[in-house]
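Peer 1: Here is my input, please return the structure:
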Amino acid sequence: MTVYTKILTPSIGKHQKPLTELEMELARAKRELAEVKMERDLLKKFAAYFAKESR
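Peer 2: Next up is the predicted model:
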């Protein structure tokens, strides 16, 4: 589990009401977006590294 998913994972505590289906879907979409952004950033770094290596 990444830092992003730990932050965005919904948890139900003693003082929280259960999440609705819409809230659960929103949390899932946010987790997926965070993962995709992280992958994008890694790909940018890889591309820059390999572009530098090919010179």
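Peer 1: Please name every helix or strand in contact with the helix or strand harbouring residue 29.
Peer 2: Assigned by DSSP states H and E, residue 29 falls within helix 21-53. Helix 21-53 sits against helix 3-8, with contacts defined as 3 or more C-beta pairs under 8 Å, 6 or more residues apart in numbering; DSSP states H and E. For glycine as for every other residue, the C-beta is placed from the backbone atoms N, C-alpha and C.
Peer 1: circling back to that earlier point, what are the buried residues along the helix holding residue 29?
Peer 2: 27, 30-31, 34 (16 or more other C-beta atoms under 10 Å).
Peer 1: Which residue would you name as the spatial centre of this structure?
Peer 2: In the chain, the centroid-proximal residue (C-alpha atoms, centre = their mean) is residue 34; its distance is 2.4 Å.
Peer 1: Tell me how far that residue lies from residue 23.
Peer 2: Distance, residue 34 to residue 23, by C-beta to C-beta, to the nearest Å: 17 Å.
Peer 1: likewise residue 54?
Peer 2: Residue 54 is 47 Å from residue 23, by C-beta to C-beta.
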